[in-house]
Every structure is written in C-alpha cells, then in structure tokens.
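Asks: Next comes the sequence, and after it the predicted model I'd like to discuss.
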Amino acid sequence: MAILTVIVFLIEVVPLELQRRIVNDAVKQRPFLTILTLCAVYAGVALSHGAIKLGLNIYRGWVGQRSVRDLRERIRALENGLGPSSETGERGKEISMIVAEAEPVGLFVASALAEPLLEAGVLATVFAYMVHIDTIMATIAAALFLLQMVFVPLMQAAINRRSMSGISLLRGLSTNLTNPTDAGGQRLQEDNERIGRVFKLNMGITILKFSMNFLMNFCTQLQIIAALLYGSWLVLTDQLVVGGVVAFISGVTRLTDPWGDLVNYFRDLSLTTVKYRLLANTANQIAARHGTTDTMS
C-alpha cells in the first residue's frame with residue numbers, strides 16, 4: 001500500500017510540467033506534432049495515474065472491510081461468552097457496537113497509513129514544483145496555507161468535542177431502547193431530551209464543518225488571484241512565460257484536494273480514536289464483569 005501511494009503522489013507533478021510545456025510550445029508556435037506528442041504523453045500519464053490510484057483505493061477498501069469483519073467477530077465472540085444472564089443494557093451496547101460502531105473504526109484502518117502518506121506526499125511534491133517555477137509565488141501560496149492552519153485546528157477541535165458528546169448520548173439512547181424495564185413516561189422524556197441534544201450537536205457540527213470548508217475554499221481562491229496578479233506581472237516584464245503561470249494555477253488547485261483530505265484525515269483520526277476507546281472500554285468492562293480474560297487494547 002505504501003509503495004502504491006508513493007507512486008501515485010510522485011506522478012502527480014508530471015501533468016503540471018506537461019501543461020507548462022504544451023502552453024509554451026503553442027505560444028512559441030512550435031510544430032504541432034510536438035504539441036500532439038505531449039498531449040498523447042499527457043493522456044498516457046493520466047490513464048496510468050488513474051489506474052494505479054484505482055488499484056490503491058480497491059486495496060484500501062479490502063483492508064478496511066477485513067478490519068471491520070475481524071472487529072465485529074471479536075465483539076460477537078465476547079458477547080457469545082457472556083451467557084444468558086447478562087443485563088439487557090449490556091446487550092444493547094453490544095448490538096450497537098457490532099452493527100454500527102465497529103464499521104467506522106475498522107474502515108479507518110485502511111486509511112491510517114496510506115491517507116496521510118498520499119496527501120502529504122502530493123502537497124510536498126506539488127509545492128516543490130511550484131517553488132521550482134517561482135519562489136515568490138510559492139511563498140505567497142504557502143502564506144495563505146499558514147492562515148488556514150490557524151482556524152482549521154480550532155474549528156476541528158470544536159467539531160470533535162461535539163462528536164464525542166453525541167456518541168455518548170447515542171450510547172445511552174441505545175441502552176434505553178433495548179431495556180424492557182421501562183417504568184413509564186420518565187424514560188421517554190429522557191430519551192426525547194437526548195434526541196434533542198443530539199440534534200443540536202449535529203447541527204453545530206454541520207455549521208462548523210461547512211464554515212470551515214467555506215474558509216478553506218476562499219483561501220484557495222485568494223491563492224489563484226495572487227498567482228494571476230503576480231504571474232501576469234512577471235509575464236509582462238518578460239520574467240516568466242505564460243506556461244509557468246498556467247502550471248502554477250493548476251498546482252494551486254491540485255493542492256486544494258490533498259489539503260482538504262489531510263484535514264479530513266486528522267478529523268477522522270481523532271473521532272475514530274474516541275470511538276475505539278469507547279468501544280474498547282465498554283468491551284473490557286463487560287469482559288471484566290463476567291470474568292473473561294479476552295480484552296481489547
């Protein structure tokens with residue numbers, strides 16, 4: 001998986017160089033056969049890059065599904081050893097873990113190594129190419145990325161806190177729904193309050209998530225505008241050819257996706273860590289209560 005990932009992000013810079021050469025050859029009125037050859041190479045690189053990425057994604061999916069299966073089998077084996085005397089509340093937690101909570105934890109296993117390696121590799125490779133084109137333009141782009149590093153962690157921390165609270169509330173709701181000893185309307189009122197609090201937490205997460213996406217997209221547009229302004233001035237003063245500006249703008253847009261994916265990765269990492277700790281703690285508590293030695297680290 002790591003080898004495929006490195007290949008994918010190293011190829012990422014090739015289309016940028018081909019775009020620059022194609023535009024420069026067109027402006028300099030080079031033979032059309034040269035442009036045709038470069039376009040054919042571009043198509044071959046795009047096809048190869050996409051095929052390797054497809055194989056990587058399928059392999060990651062297989063690893064993730066295997067992890068989900070193994071995690072569910074472990075929880076099911078623990079549940080099977082509890083016997084018929086276990087409390088209904090525990091059964092509710094077990095059902096919730098097996099059906100829902102095990103999947104995001106298991107699927108994250110496939111991304112734990114490949115995702116940060118791929119996205120960080122793309123960022124480093126493309127940014128190095130942008131420095132090669134023009135150091136000042138690359139510095140401007142990096143400054144706007146540093147701006148995002150200020151508000152992204154703050155907003156992500158707020159999202160994580162709300163997600164943790166939501167998981168705990170849903171745990172309590174799942175226990176109540178599977179407990180047949182409901183004494184009356186008090187349990188219903190508590191569950192309705194939980195549902196209302198989960199709704200407010202989810203709306204807060206939605207607002208924070210889309211606000212963060214808005215700010216990140218706006219910073220990307222500022223990078224493109226800065227590249228157009230400074231790059232046009234360089235072209236007008238014969239310090240840079242048009243193909244360099246085109247390649248730089250294309251590089252900025254190529255930085256957007258891996259940066260967003262890297263932000264999503266660290267968000268998923270923190271949320272999955274919380275989910276796994278809740279899942280493991282509950283499983284270990286149930287095992288300890290019933291004298292089972294099989295635990296989850």
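Replies: In hand now; what should we look at?

Asks: ok, and for stretch 141-157, which residues are buried?
Replies: 141, 144, 145, 148, 152, 155, 156 (16 or more other C-beta atoms under 10 Å). Quick note: C-beta positions are derived from backbone N, CA and C, even for glycine.

Asks: what's the average pLDDT for that stretch?
Replies: Stretch 141-157 shows a mean pLDDT of 84.

Asks: How about stretch 74-88?
Replies: For stretch 74-88, the per-residue pLDDT averages 61.

Asks: Include secondary structure when you put the buried residues of stretch 141-157 into JSON lines, please.
Replies: Putting the buried residues of stretch 141-157 into JSON lines (DSSP: H, G, I helix; E, B strand; the rest coil) gives the following:
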{"residue": "141", "secondary structure": "helix"}
{"residue": "144", "secondary structure": "helix"}
{"residue": "145", "secondary structure": "helix"}
{"residue": "148", "secondary structure": "helix"}
{"residue": "152", "secondary structure": "helix"}
{"residue": "155", "secondary structure": "helix"}
{"residue": "156", "secondary structure": "helix"}
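
Asks: And those, which is closest to residue 6?
Replies: Nearest to residue 6 out of the buried residues of stretch 141-157 is residue 145 (C-beta to C-beta; 22.5 Å).

Asks: Tell me who's in contact with the closest one.
Replies: 219, 255, 259 (C-beta atoms under 8 Å, 6 or more residues apart in numbering).

Asks: close enough to count as contact, the first one and residue 147?
Replies: Yes - between residue 219 and residue 147 there is a contact under C-beta atoms under 8 Å: 6.0 Å.

Asks: next one: the helix or strand containing residue 108 to chain centre, how far?
Replies: If you go by DSSP states H and E, residue 108 is part of helix 102-133. For helix 102-133, the separation from the chain centroid amounts to 9 Å (computed by C-alpha atoms, centre = their mean, to the nearest Å).

Asks: Name the residues of it that are buried.
Replies: Within helix 102-133, the residues scored as buried using 16+ other C-beta under 10 Å are 102-112, 114-119, 121-123, 125-127, 129-130, 133.

Asks: Between helix 102-133 and the helix or strand hosting residue 160, find me the angle.
Replies: Under the criterion of DSSP H and E, residue 160 resides in helix 135-177. Angle, helix 135-177 to helix 102-133, by axes from the mean of the first three to the mean of the last three C-alpha atoms, to 10 degrees: 170 degrees.

Asks: Would you mind identifying the next helix or strand past helix 135-177?
Replies: Counting by DSSP H and E, what follows helix 135-177 is helix 185-236.

Asks: So which elements touch the helix or strand that that following helix is followed by?
Replies: The element immediately downstream of helix 185-236 (helix or strand, assigned by DSSP H and E) is helix 242-289. Applying 3 or more C-beta pairs under 8 Å, 6 or more residues apart in numbering; DSSP states H and E, one finds that helix 242-289 contacts helix 14-27, helix 32-80, helix 88-96, helix 102-133, helix 135-177, helix 185-236.

Asks: Between these, which one is closest to residue 272.
Replies: helix 102-133 (4.3 Å).

Asks: any idea of the angle that closest one forms with helix 185-236?
Replies: 10 degrees.

Asks: Now do the helix holding residue 108 and helix 32-80, the angle between them.
Replies: Taking the same axes, to 10 degrees, helix 102-133 and helix 32-80 form an angle of 150 degrees between their directions.

Asks: Columns distance to residue 243 on top of the buried residues of stretch 141-157, output as CSV?
Replies: Below are the buried residues of stretch 141-157 laid out as CSV (distance: C-beta to C-beta, whole Å):
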residue, distance to residue 243
141, 18
144, 23
145, 24
148, 28
152, 32
155, 37
156, 37
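
Asks: Show me which of these is closest to residue 206.
Replies: residue 155 (12.3 Å).

Asks: Against residue 213, how distant is that closest one?
Replies: Note on residue 155: its distance to residue 213, by C-beta to C-beta, to the nearest Å, is 10 Å.

Asks: Also residue 140?
Replies: Plainly put, residue 140 is 22 Å away from residue 213 if you go by C-beta to C-beta.

Asks: Neighbour count: those two, which is higher?
Replies: Counted by other C-beta atoms under 10 Å, residue 140 and residue 213 do not tie: residue 140 has more neighbours, with 18 against 13.

Asks: And the nearest residue to the more buried one once chain neighbours are set aside, what's its pLDDT?
Replies: Once flanking residues are discounted, residue 140 sits nearest to residue 226: 4.7 Å by C-beta to C-beta, 6 or more residues apart in numbering. As predicted, residue 226 sits at a pLDDT of 83.

Asks: Right, I'll call it a day here.
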